[in-house]
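Peer 1: What would the 3D arrangement of this be:
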Amino acid sequence: MDATPTSGGVPGGDATPASGGLTSGSDAAPPSGSDVAPPSGSDVAPPSGSDVAPPSGSDAAPPSGGAPGVDAALARAWVAAVAASVAAHAAELTDLDAAIGDGDHGVNLRRGFDAVVAALATLEADTAGAVLTKTGTTLVSKVGGASGPLYGSLFRALGKTLSDDSSVTTFGAGLRAGLDAIVRLGKAEPGDKTMVDALTPAVAAFEAATSSGLVAAATAAATAAADGAAATTPLQARKGRASYLGERSVGHQDPGATSTALIFAALADVT
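Peer 2: Residues are numbered from 1 along each chain as shown. So this is what the prediction gives:
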């Protein structure tokens with residue numbers, strides 16, 4: 001796949017100085033007849049902190065891996081980016097699937113994410129967990145073939161993990177839960193020439209980079225997913241419809257691994 005991730009930043013705040021940096025009368029003339037200067041500090045800069053930059057940390061990004069890492073707005077942006085990417089690559093996904101499968105992966109996945117976008121448009125949700133759980137439920141009900149239950153399980157497991165905590169670390173744990181759900185459902189392992197070949201390294205890369213923050217973790221996951229998808233080309237399929245082809249499945253990139261890479265590329269794009 002040819003999508004490349006981009007990185008993003010975090011907002012900050014600006015503190016305003018406290019009122020009354022100088023005391024009343026501090027600029028007044030000295031008492032009649034005196035030749036001394038006004039009290040020390042009356043015509044000098046106000047005390048440290050009154051008109052200076054805010055204390056360290058007030059404009060800084062939140063600690064790496066800390067909450068909040070993924071809010072409802074970001075979850076919606078991610079899903080919308082996935083839907084757009086799937087639509088743009090639907091023909092490619094279908095061609096890949098036609099070579100070693102039943103030729104409907106791109107069509108089915110596009111229909112599913114179109115349904116997700118419509119469902120989220122009317123969903124009142126203030127957490128990433130609710131958005132992603134709804135995404136998974138919709139995919140299960142709207143996408144035909146194996147990809148609906150598999151991707152639906154991924155997003156539902158992720159959404160349920162984020163129900164009470166939206167930190168980067170918890171997001172990684174949710175991805176791990178989604179991978180585990182897919183493995184249980186599809187009985188596939190790395191090397192079987194399935195979406196697991198892209199998802200497994202992507203989850204591992206995300207987890208390894210959580211201490212560096214969401215942007216770094218998402219970027220690492222996108223790169224690992226793309227590499228994992230490309231690595232399915234020389235493999236012989238051992239699971240799914242492609243396994244019926246035996247050695248004839250060699251030389252074709254797996255469509256499920258390819259769409260998985262698109263999903264992680266979209267995450268990197270919106271972070």
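Peer 1: Point out where the protein drops to low pLDDT.
Peer 2: Along the chain, segments meeting pLDDT under 70 span 1-68.
Peer 1: Which residue ranges of it form helices?
Peer 2: Remark: helices assigned in the chain by DSSP state H are 72-88, 90-100, 105-121, 128-142, 147-161, 168-186, 196-208, 214-230, 255-270.
Peer 1: Can you tell me which of those helices is packed in deepest?
Peer 2: helix 255-270 (a mean of 27; mean count of other CB atoms under 10 Å). (Glycine included, C-beta is placed from N, CA and C.)
Peer 1: which residues sit in contact with the closest residue to A91 other than its chain neighbours?
Peer 2: For A91, ignoring the flanking residues on the chain, the nearest one in space by CB to CB, 6 or more residues apart in numbering is G106 at 6.2 Å. Neighbour list for G106: V86, H89, A90, A91, E92, L93, T94, D95, D97, P255 [criterion: CB atoms under 8 Å, 6 or more residues apart in numbering].
Peer 1: And the helices of the chain: which comes nearest L245?
Peer 2: Nearest of the helices of the chain to L245, taken as CB to CB: helix 90-100 at 5.9 Å.
Peer 1: List the contacts of that closest one.
Peer 2: Contacts for helix 90-100 (CB under 8 Å, 6+ apart): 86, 103-107, 109-110, 237, 241-242, 245, 248-249, 252-255, 258-259.
Peer 1: May I have it as CSV, with CA atoms only?
Peer 2: Extracted in CSV, the C-alpha atoms of helix 90-100 (Å, rounded to 0.1, in the frame of the first residue of the first chain):
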residue,chain,number,x,y,z
ALA,A,90,-11.8,-0.2,-3.0
ALA,A,91,-10.9,-1.3,-6.6
GLU,A,92,-7.4,-2.2,-5.4
LEU,A,93,-8.7,-4.3,-2.6
THR,A,94,-11.2,-6.0,-4.9
ASP,A,95,-8.5,-6.8,-7.4
LEU,A,96,-6.3,-8.4,-4.7
ASP,A,97,-9.2,-10.4,-3.5
ALA,A,98,-10.2,-11.5,-7.0
ALA,A,99,-6.7,-13.0,-7.4
ILE,A,100,-6.9,-15.3,-4.4
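Peer 1: got the angle for that helix vs helix 72-88?
Peer 2: 60 degrees (axes from the mean of the first three to the mean of the last three CA atoms, to 10 degrees).
Peer 1: show me the contacts for the closest residue to V131 other than its chain neighbours.
Peer 2: Spatially, and ignoring its direct neighbours in sequence, V131 is nearest to A75 (4.0 Å; CB to CB, 6+ apart). By CB under 8 Å, 6+ apart, A75 lies in contact with A128, V131, L132.
Peer 1: Please identify which two of the contacts of G106 are farthest apart in space.
Peer 2: Farthest apart among the contacts of G106 - using CB to CB - are V86 and D95, which lie 14.1 Å from each other.
Peer 1: In CSV: the contacts of G106, plus distance to L139.
Peer 2: Shown next, in CSV, are those (distance: CB to CB, whole Å):
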residue, distance to L139
V86, 11
H89, 17
A90, 15
A91, 20
E92, 20
L93, 15
T94, 18
D95, 22
D97, 17
P255, 16
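Peer 1: Which of these sits closest to V116?
Peer 2: Nearest member of those to V116, counting by CB to CB, is V86, at 10.0 Å.
Peer 1: show me what contacts that closest one?
Peer 2: L93, G106, L109, R110, F113, S259, L262.
Peer 1: picking up where we left off before, against P149, how distant is the residue nearest to V131?
Peer 2: Taking CB to CB, to the nearest Å as the measure, A75 falls 21 Å from P149.
Peer 1: what number of residues lie near E124?
Peer 2: Neighbour count for E124, taken as other CB atoms under 10 Å: 6.
Peer 1: For S243, see how far away it is.
Peer 2: 43 Å.
Peer 1: go on, F155?
Peer 2: Distance from F155 to S243, by CB to CB: 26 Å.
Peer 1: what's the answer for V168, then?
Peer 2: 36 Å.
Peer 1: What of G112?
Peer 2: Counting by CB to CB, the gap from G112 to S243 is 24 Å.
Peer 1: what sits against the spatially closest residue to G174 that is not a sequence neighbour?
Peer 2: Once flanking residues are discounted, G174 sits nearest to T161: 3.3 Å by CB to CB, 6+ apart. Counting by CB under 8 Å, 6+ apart, T161 makes contact with G129, T170, F171, A173, G174, A177.
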